[in-house]
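Enquirer: for reference, the sequence and a predicted model appear below.
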Amino acid sequence: MKERYNSKGDVSSLFIEKIGDEYLDNQFQEVDFYENKTNKNEIFEGFSYVESFIQDIPELRWNDFNSIILIYNFEYETKGIGD
């Protein structure tokens, strides 16, 4: 998630590169690291607008993960995330 700037002032990060994009406005993202949480309601508690999308989040083995990245107003085709 750490952003890097080149000599021209362009921003990038390993995360942006991994999702195959060139730019991601960090004002439209929320990130959280968690421990010892096992259900999506407690994991997503406190995120902006969560009540409008939590029903669309599948039930996963949440204890297999330790962080959440929410990106708002962004379209991305998943590639087996959570499988």
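Expert: Nice, I can see it. All of these numbers come straight from a predicted model, not from anything done at the bench.

Enquirer: look up how far F33 lies from the most centrally placed residue in the chain.
Expert: Central residue of the chain (C-alpha atoms, centre = their mean): I69, 1.7 Å from the mean position. Distance, I69 to F33, using C-beta to C-beta, to the nearest Å: 10 Å. Bear in mind the C-beta positions are built from the backbone N, C-alpha and C, glycine included.

Enquirer: tell me the secondary structure at the residue nearest to the centre of the chain.
Expert: Assigned by DSSP: H, G, I helix; E, B strand; the rest coil, the conformation of I69 is strand.

Enquirer: residue contacts, the closest residue in space to it that isn't next to it in sequence?
Expert: Once flanking residues are discounted, I69 sits nearest to V31: 5.2 Å by C-beta to C-beta, 6 or more residues apart in numbering. If you count contacts by C-beta atoms under 8 Å, 6 or more residues apart in numbering, V31 has them with M1, S67, I68, I69, L70.

Enquirer: between these, which is nearest E22?
Expert: E22 has its nearest neighbour among the contacts of V31 in M1, at 16.2 Å by C-beta to C-beta.

Enquirer: quick one: the closest one and F15 touch, right?
Expert: Yes. With contact defined as C-beta atoms under 8 Å, M1 reaches F15; the gap is 5.3 Å.
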